[in-house]
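# after the sequence you'll find the predicted model.
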Amino acid sequence: MEWRLNDSRPIWVQLTEQLTERIASGVYPMGQKLLSVRELASEAGVNPNTMQRALSQLDSQGLTETNRTSGRTVTDNAEVLEQVRKKLAKDKIEAFLEGMEKLGFTRGEIIELLKGENNQDE
């Protein structure tokens, strides 16, 4: 999976978001050992300190756990992962709704489109 980074926001924030999505989507499954900080930083093309900051954020959110002897692993707490998945889903839904409303659609019209009730033009 390719890293998507730009200068619009701090790189560590973007890394945190992308790692969170990878964990929530199962790219990095529960209990999986992650690559080392240096390996992830090299893969993403960023400074190891920047990657460490992102990974520390994941630790503080409970998405990863660090063990001095065996490295960092994805949490095996299914409840934490489900909460993160739901939050990410809500954020994406809200962004979608805001975009549709900018196009002039009401929430009711958006729901109709999603249900397929207005597909006669397609």
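Received, thanks.

# list the buried residues in the helix or strand containing Ile93.
According to DSSP states H and E, Ile93 maps onto helix 78-102. Neighbour counts over helix 78-102 (16 or more other C-beta atoms under 10 Å) mark 81, 84-85, 100 as buried. From N, CA and C alone the C-beta is placed, and that goes for glycine too.

# roughly how far does Arg38 sit from Pro10?
Separation of Arg38 from Pro10 (C-beta to C-beta, to the nearest Å): 20 Å.

# let me redo that: Gly26
Distance from Gly26 to Pro10, by C-beta to C-beta: 26 Å.

# quick one: contacts for the closest residue to Ser36 other than its chain neighbours?
Excluding the flanking residues, the one nearest Ser36 by C-beta to C-beta, 6 or more residues apart in numbering is Gly71, at 6.5 Å. Gly71 sits next to 33-34, 36 when contact means C-beta atoms under 8 Å, 6 or more residues apart in numbering.

# setting aside sequence neighbours, what's the nearest residue to the residue nearest the centre of the chain?
Central residue of the chain (C-alpha atoms, centre = their mean): Glu21, 2.3 Å from the mean position. Excluding the flanking residues, the one nearest Glu21 by C-beta to C-beta, 6+ apart is Leu88, at 6.6 Å.
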